[in-house]
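One predicted model, sequence on top.
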Amino acid sequence: MYGPQGWWPLITKKNSVLQCLYHPKSFEIPNTQPQQYEICIGAILTQNTAWRNVIQALINLNQINALNHKTAQKIQIEMLKEAIRPAGYFNQKAKKIQAFNDFYSQMDNRIPSRDQLLSVWGIGPETADSILLYAYKQVSFVVDTYTRRIFTNLGLIHEKMKYDEIKQIFEKNLNADIEIYQEYHALIVQHAKQYYQKKDTYASDPLIERLNLRHHRV
């Protein structure tokens, strides 16, 4: 219905202009350490804000050469705060980025475990799973607000389920395939943008009829 999504979007110069571009069907991305690092930083910046706000913050970071881990460590905190201001909560997020930078350096190109990521100040389950799935290509399903909103409306999960309970449901029912995990999460977001931005549109979700769930709610 929506086609390939090509997450995670990356800052790219196109026609001499910095843009945030998706890469449908290119599952080899990230294929460089700076791309990997950029995804990690994007996952932190997108906490409690819309992606459109994160784009400008990432462009600002790119312009001060702070989307490369080696140079990012040298950026003064005040410059970092100013660069990420468009993403909101910039004081806290700057500290989170610094904490992640210390962790990233210690990992020395090794793939972190979920528990290791969760031990970093400022990184919660959704951010950790986003980093694992998109930056490190690990099959770790991301549960975001849209996931909870859609599948609660469809009656397939309970509204008060904990994050890891929902995550477990998806991981038990999906093949452990990186492409499936990435596209599934991206499609959830796209579907939510169409039908779940306002509560009075939830009932118009075509999945209700397609899955024959109108009278079979949990």
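Cool, the structure landed.

May I see the buried residues of stretch 44-57?
Neighbour-count burial for stretch 44-57 flags 44-47, 53-57 (criterion: 16 or more other C-beta atoms under 10 Å). (Each C-beta comes from the backbone N, C-alpha and C, glycine too.)

could those residues be laid out in a markdown table, adding distance to Glu28 and secondary structure?
As requested, the buried residues of stretch 44-57 are exported to a markdown table (distance: C-beta to C-beta, whole Å; DSSP: H, G, I helix; E, B strand; the rest coil):
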| residue | distance to Glu28 | secondary structure |
| --- | --- | --- |
| Ile44 | 23 | helix |
| Leu45 | 24 | helix |
| Thr46 | 23 | coil |
| Gln47 | 27 | coil |
| Asn53 | 28 | helix |
| Val54 | 23 | helix |
| Ile55 | 23 | helix |
| Gln56 | 27 | helix |
| Ala57 | 26 | helix |
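
out of those, which one sits closest to Asn101?
Ile44 (10.4 Å; C-beta to C-beta).

Distance check, Trp8 against Lys172.
24 Å (C-beta to C-beta, to the nearest Å).

Within the helices and strands, which one has Thr152?
Using DSSP states H and E, the element containing Thr152 is helix 145-153.

before we move on, what about Ile59?
Remark: Ile59 resides in helix 51-63, with elements defined by DSSP H and E.

who does that helix touch, helix- and strand-wise?
strand 10-14, strand 17-21, helix 33-45, helix 77-84 (3 or more C-beta pairs under 8 Å, 6 or more residues apart in numbering; DSSP states H and E).

quick one: terminal-to-terminal distance for stretch 125-139?
Using C-alpha to C-alpha, to the nearest Å, the end-to-end distance of stretch 125-139 comes to 14 Å.

Would you mark the buried spots in it?
In stretch 125-139, counting by 16+ other C-beta under 10 Å, buried: 125-139.

what's the most distant pair in those residues?
Pro125 and Lys137 (18.4 Å).

Is Ile123 in contact with Ile44, as I believe?
Yes. If you go by C-beta atoms under 8 Å, Ile123 and Ile44 touch, sitting 7.2 Å apart.
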